[in-house]
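Peer 1: sequence below, structure please.
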Amino acid sequence: MKNLQKIKNILLSDNAWEAVLAEKELFGPTIAEMDGVPHVNYHAEGGVLDHVKLAFEEMQKIPDHDWFDLLLVLFHDVGKRKALAENGGKNMAKHEVHSANWFCEWCEQFDVFGEDRILPIVGDWVIRSHMDAHHLNERSSVYGVMLVVTHGWFPRLARLATADALATLDEDGNPRWPFSDVLSSPNVQRWLGKPKPLPIVSEDDYRDRGVPEKVLPEVVEFGLKIQLNSKHTDPAHIINDVLTCGKIKQLIKDEETRLAMAEVRRWQE
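Peer 2: Numbering: from 1, shown residues only. Below you'll find the predicted structure:
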């Protein structure tokens, strides 16, 4: 758990951003990786480090933020240099993937959290999901929106997305896409503060139809996806759609083959 308390103290100090820059070696080459990287679109506030600084300051204004929120702001766009290079300088698509990978590598390399394996996983999910969060109000998949909004870590994701959006400025110095617009959209409001819904069709229903035990959770989850996206309420209809889907048929076939081969090996022993 190397330097964790020092990192916390820096992030929660009165002049936190200046302290981060003064102690930047604690974060590996993260600051250097963002410094001097220009934005090619959408960000009138400046380059990547300018944006991250502004997002950091916006996060500080959010009443329920904590040190970990500030840490995730610091890392959320560190993958933009790599994304810009991979995309031929045209855009920074998939930078959130590179940023999440960078964060996880930093956690491991610097042994930031010691034996605590939860915080790196939380950070990975939040950073990796922050671009999807900005487009939740545009997604057509009810199931896809539900998975994100009912997730236990969504409040932390919402804080990052809020700070990120407030720091993404147009030429007049105004936020281009306030995250409050996303949160207030009907397809997000439908799930906000609610638990993940239960599937109409249970494991027992699929088990009765011969679905192998090991793949039952995945089959049930696929049924929930059909249930929400198609608005079907008839269990028989959902079961039919699930079991006639090519992906699920292959999943079941592969598991049946695995079980058959295991049985053969058992008899050969």
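
Peer 1: for the rest of this, base every contact and every neighbour count on C-alpha atoms.
Peer 2: Noted.

Peer 1: contacts for stretch 141-152 next, please.
Peer 2: For stretch 141-152, contacts defined as Cα atoms under 8 Å, 6 or more residues apart in numbering pick out 133, 136, 139, 154, 187-188, 191-196, 224-225, 228-229.

Peer 1: could you list which of the residues you listed belong to helices?
Peer 2: Applying DSSP state H to these, the entries found in helices are A133, F154, N187, V188, L224, K225, L228, N229.

Peer 1: by pLDDT, rank these and give me the bottom one.
Peer 2: Lowest pLDDT within the ones in helices among the contacts of stretch 141-152 is found at N187 (93).

Peer 1: so how far is the helix or strand containing R81 from its chain's centroid?
Peer 2: Here R81, judged by DSSP states H and E, is contained in helix 80-86. With Cα atoms, centre = their mean, to the nearest Å as the basis, helix 80-86 stands 19 Å off its chain's centre.

Peer 1: before we move on, what about stretch 9-23?
Peer 2: Worked out by Cα atoms, centre = their mean, stretch 9-23 lies 26 Å from the chain centre.

Peer 1: ditto for stretch 248-264
Peer 2: Worked out by Cα atoms, centre = their mean, stretch 248-264 lies 32 Å from the chain centre.

Peer 1: now that stretch: mean pLDDT?
Peer 2: Here the average pLDDT along stretch 248-264 is 95.

Peer 1: give me the residues contacting that stretch.
Peer 2: V211, P212, K214, V215, V219, V242, L243.

Peer 1: so which of these are in helices?
Peer 2: V219, V242, L243.

Peer 1: just among those residues, which is most surrounded?
Peer 2: V219 (25 neighbours; other Cα atoms under 10 Å).

Peer 1: what about the helix or strand L72 falls within, average pLDDT?
Peer 2: For L72, the element it lies in under DSSP H and E is helix 67-75. Regarding helix 67-75, the rounded mean pLDDT is 98.

Peer 1: again with stretch 102-112
Peer 2: Here stretch 102-112 scores 94 as its mean pLDDT.

Peer 1: repeat that for stretch 42-49.
Peer 2: Here the average pLDDT along stretch 42-49 is 90.

Peer 1: list the buried residues for it?
Peer 2: For stretch 42-49, burial by neighbour count (16 or more other Cα atoms under 10 Å) applies to H43, A44, E45, G46, G47, V48, L49.

Peer 1: those residues in helices, which ones?
Peer 2: Counting by DSSP H, the buried residues of stretch 42-49 contribute V48, L49 to helices.

Peer 1: determine which two of the buried residues of stretch 42-49 are furthest apart.
Peer 2: Greatest spatial distance among those (Cα to Cα): A44 and L49, at 12.6 Å.

Peer 1: where's the spatially most central residue of the chain, which helix or strand?
Peer 2: Against the mean C-alpha coordinate of the chain, by Cα atoms, centre = their mean, the closest residue is S129 at 2.4 Å. Using DSSP H and E, S129 sits in helix 118-133.

Peer 1: about what we covered before: the helix holding R81: what's the following helix or strand?
Peer 2: helix 95-109.

Peer 1: summarise which helices and strands that following helix is packed against.
Peer 2: Packed against helix 95-109 by the contact rule (3 or more Cα pairs under 8 Å, 6 or more residues apart in numbering; DSSP states H and E) you find helix 67-75, helix 80-86, helix 118-133.
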